[in-house]
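Enquirer: I'd like to go over a predicted model; first the sequence, then the structure.
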Amino acid sequence: MRKRTAVRNGLHAMAAAASLLIASNASADSLADLRQRLPQDEVIYFLLPDRFANGDPSNDHGGYLAERLKSGFDPADTDFYHGGDLAGVTQRLDYIQGLGATAVWLAPVFKNKPVQSDGNYTGAAHHGYWITDFTTVDPHFGDEASMRALVEAAHARGMKVYLDIVANHTADVIQYRECPEGRCAYRSRADYPYTRRGGGGGAPINDGFDGRDFSRLTGPDYAYTPYVPAGEENAKVPAWLNDPIHYHNRGESTFAGESSLDGDFAGLDDLLTEDPVVIQGMIDVFGGWIDKYGIDGFRIDTARHVNPAFWQAFIPAMIARAEAKGIPNFHIFGEVYDPDPAVTARFTRVDGYPAVLDFPFQKQAVDAASGKVGTDALAKLFDADTIYDKGADTAAILPTFLGNHDMGRVGFFLKQANLNASDAELQSRIALAHALMMFSRGVPTLYYGDEQGFAGAGGYGNSRQDMWPSQTPVYANETPVGGRQPAYSTDAPLYRAISEMARIRAAEPALRRGRQVVRAYGDKPGLFAISRIGQDGGEGGGEILILFNTSTTPVAAQVEVEPGSLRWQGLRGDCAVQSSAPASVAVRVPPLDYLVCKSVP
């Protein structure tokens, strides 16, 4: 009996070992496959961990005293922690993947100062942008084990993980003695040079400092007298962050001119990013996250508020760190909050960014889908792709989006532009905006909750709904576009519409990597047509024609196509079976709808 039991136990152990080996091999295969995907192959899903899913209620207070102004936890307040965490994201990867997303972009997960006050405002760091410890996970979101579990679970599914990082500033810890009651006005480099204390007529300090040799910058009191309040001397990690000499200390940014680079961002401590200590310190910090977790990309916050030389050193270092980790397609994109492509493109040419968030696309796509502008606005947008570094190749990896946590949701913008629209019309307009994003050049970036029809009241705070039944009145009282669904519903109308688009995109390489050609547009709402052309140049089924109608009436037209595209298959909608003549096809597009037509041999 003992012998049979031993044999049986041995067989069970062997089976278990074999299962682990198979799972390990499957995971390794998934990881190898995702590493080879180009940035434009992805569909990104951007979420705030605090608002997405609460997988572990035990960390709701983050280990702080269970008091609102100590832990920052208040699920009834838009600006406080609500309990979401990394464990919750891991548990809901099925939901995200089912939508068609292939990469998850997390709002900052680093340890934050839980609560900050500024004048009449008091809020908590649910968003993650008030960092004190750049080396560890915020305890409201979990710990190292939960971070590792999320990345491993995502990778096992073939999904990437992008981190939102900050190099411009830290939490508000440093204070100025001259302004005990509030923010200090910005003091310029000309009026308050680094080599005089308190202005041009002050006592000489920092002898010989020329803006290059930072060993000569020893006194931080050239503009104001900065200090660290008692009890916060060691609030930041790494330790070098606690010394005011590594900050600009010039007062509050007006977001114009010099102050845009050197001023405190809404009271936050602005790092002296010209300083080699800061440059190397940030390289070490964020390179460590790549080494430790195998992160697949960074979205970089407040990119325009940091001097170009910092990025010129930092970005190549991150790419090299990723390559050393076996991550050849590490996706870096900066936040340059501006709708003008001449502004955003500069950061790819001067600062060395591989890509930036496509704020110009956001504006034109939403305006077109709302019916506010003609479809020529989209044509002009894509004409500007040539001004990016590497032109169309760079434009191909710009993350495109329709709304976010700062500006508001696409549903809100479309409601505001169409105040008398029915729910059905709003659904169609939101779906159309997503189709413009999903099928045109760039990397589609979904904002969590849009697929549930969340619209909100726009602006900061009002676009950060809880995915679960909320205790926040403004969230709980909202009726989403398409009607209120159960939490994480995969039957929500917009979830179904977006997942259909993602399936089509995933199945067709030309929709991800193909060259884009604008085919038709006008100065009023109506037809907008583009082709995505595969590597074979359009012969033998290499062209996909996407037709959008931004008007409330049907459109019919002849659209130019590749001469070799003679027969067509409908991937979505009623496409013509064959071209009218070589290089011309007749199209009919229903109101506020789109077609996807593939040429076939």
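Expert: Looks like it came in fine.

Enquirer: List the residues that contact the nearest residue to G442 once chain neighbours are set aside.
Expert: With CB to CB, 6 or more residues apart in numbering as the criterion, G442 has its nearest non-adjacent residue at 3.8 Å, and that residue is T400. Every C-beta, even on glycine, is put in place using the N, C-alpha and C of the backbone. Counting by CB atoms under 8 Å, 6 or more residues apart in numbering, T400 touches 358, 361-362, 365, 437, 440, 442-445.

Enquirer: and what of I533?
Expert: By CB under 8 Å, 6+ apart, the contact list for I533 reads 510, 514-517, 542-544, 562.

Enquirer: redo that, cut-off 7 Å
Expert: By CB atoms under 7 Å, 6 or more residues apart in numbering, the residues touching I533 are 510, 514-515, 517, 542-543, 562.

Enquirer: By neighbours, which of those wins?
Expert: Counting neighbours by other CB atoms under 10 Å, the top entry in the contacts of I533 is E543, with 26 neighbours.

Enquirer: per-residue confidence at that residue?
Expert: pLDDT for E543: 97.

Enquirer: partners of it in the sheet?
Expert: Under DSSP bridges, the beta-bridge partners of E543 are I533.

Enquirer: go on, L47?
Expert: Under the criterion used (DSSP bridges), L47 bridges to L106.

Enquirer: now I131
Expert: Taking DSSP bridges as the rule, I131 bridges to N112.

Enquirer: From D79, how far off is it?
Expert: In this structure, I131 and D79 are 17 Å apart, going by CB to CB, to the nearest Å.

Enquirer: Which one of these two is surrounded by more residues?
Expert: More crowded of I131 and D79, by other CB under 10 Å: I131, with 26 against 18.

Enquirer: any idea where the strands of the stretch 501-601 of the chain begin and end?
Expert: Secondary structure of the stretch 501-601 of the chain (DSSP state E, counting those that start in this stretch): strands located at 515-520, 527-533, 543-549, 555-560, 567-572, 584-589, 593-600.

Enquirer: In TSV: those strands, plus distance to A487.
Expert: TSV is the format used below for the strands of the stretch 501-601 of the chain (distance: least, CB to CB, whole Å):
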stretch	distance to A487
strand 515-520	37
strand 527-533	35
strand 543-549	32
strand 555-560	38
strand 567-572	29
strand 584-589	35
strand 593-600	29
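
Enquirer: With respect to burial, which of those scores highest?
Expert: strand 543-549 (a mean of 26; mean count of other CB atoms under 10 Å).

Enquirer: Restrict that one to CA atoms and write it as CSV.
Expert: C-alpha atoms of strand 543-549 as CSV (Å, rounded to 0.1, in the frame of the first residue of the first chain):
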residue,chain,number,x,y,z
GLU,A,543,-4.9,48.4,-48.8
ILE,A,544,-7.6,48.9,-46.2
LEU,A,545,-10.0,51.8,-46.8
ILE,A,546,-11.6,53.4,-43.7
LEU,A,547,-14.6,55.7,-44.3
PHE,A,548,-16.0,57.9,-41.6
ASN,A,549,-19.2,60.0,-41.7
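
Enquirer: name the helices or strands packed onto it?
Expert: Under the contact definition 3 or more CB pairs under 7 Å, 6 or more residues apart in numbering; DSSP states H and E, strand 543-549 sits against helix 423-439, strand 527-533, strand 584-589, strand 593-600.

Enquirer: ok, and what's touching that strand?
Expert: With CB under 7 Å, 6+ apart as the test, strand 543-549 has contacts from 432, 435-436, 439, 508, 510-511, 514, 526-533, 555, 559, 561-562, 565, 587, 589-599.

Enquirer: how about 6 Å then?
Expert: Outside strand 543-549, the residues that touch it by CB atoms under 6 Å, 6 or more residues apart in numbering are 439, 510-511, 528-533, 555, 562, 565, 587, 589, 593-599.

Enquirer: how far off strand 527-533 does that strand point, in degrees?
Expert: Counting by axes from the mean of the first three to the mean of the last three CA atoms, to 10 degrees, strand 543-549 lies at 160 degrees to strand 527-533.

Enquirer: now strand 543-549 against helix 423-439, angle please.
Expert: Orientation of strand 543-549 against helix 423-439 (the same axes, to 10 degrees) gives an angle of 150 degrees.

Enquirer: and strand 543-549, how far from the chain's centre?
Expert: 27 Å (CA atoms, centre = their mean, to the nearest Å).

Enquirer: and the gap between the residue nearest to D210 when sequence neighbours are not counted and R572?
Expert: The shortest distance from D210 to any non-neighbouring residue, by CB to CB, 6+ apart, is to R216 (7.8 Å). For R216, the distance to R572 equals 64 Å [CB to CB].

Enquirer: Tell me how many other residues surround Q535.
Expert: For Q535, the neighbour count with other CB under 10 Å is 10.

Enquirer: go on, G287?
Expert: Residues lying near G287 (other CB under 10 Å) number 18.

Enquirer: do the same with D74
Expert: 20.

Enquirer: looking at it, it is touching R68, isn't it?
Expert: Yes - using CB atoms under 6 Å, D74 is in contact with R68, at 4.9 Å.

Enquirer: Quick one: residues contacting L150.
Expert: Taking CB under 6 Å, 6+ apart, we find L150 in contact with 86, 89-90.

Enquirer: for S428, same thing?
Expert: Each residue near S428 by CB under 6 Å, 6+ apart is listed here: L592.

Enquirer: switch the cut-off to 10 Å
Expert: 369, 414, 421-422, 493, 497, 549, 552, 590-594 (CB atoms under 10 Å, 6 or more residues apart in numbering).
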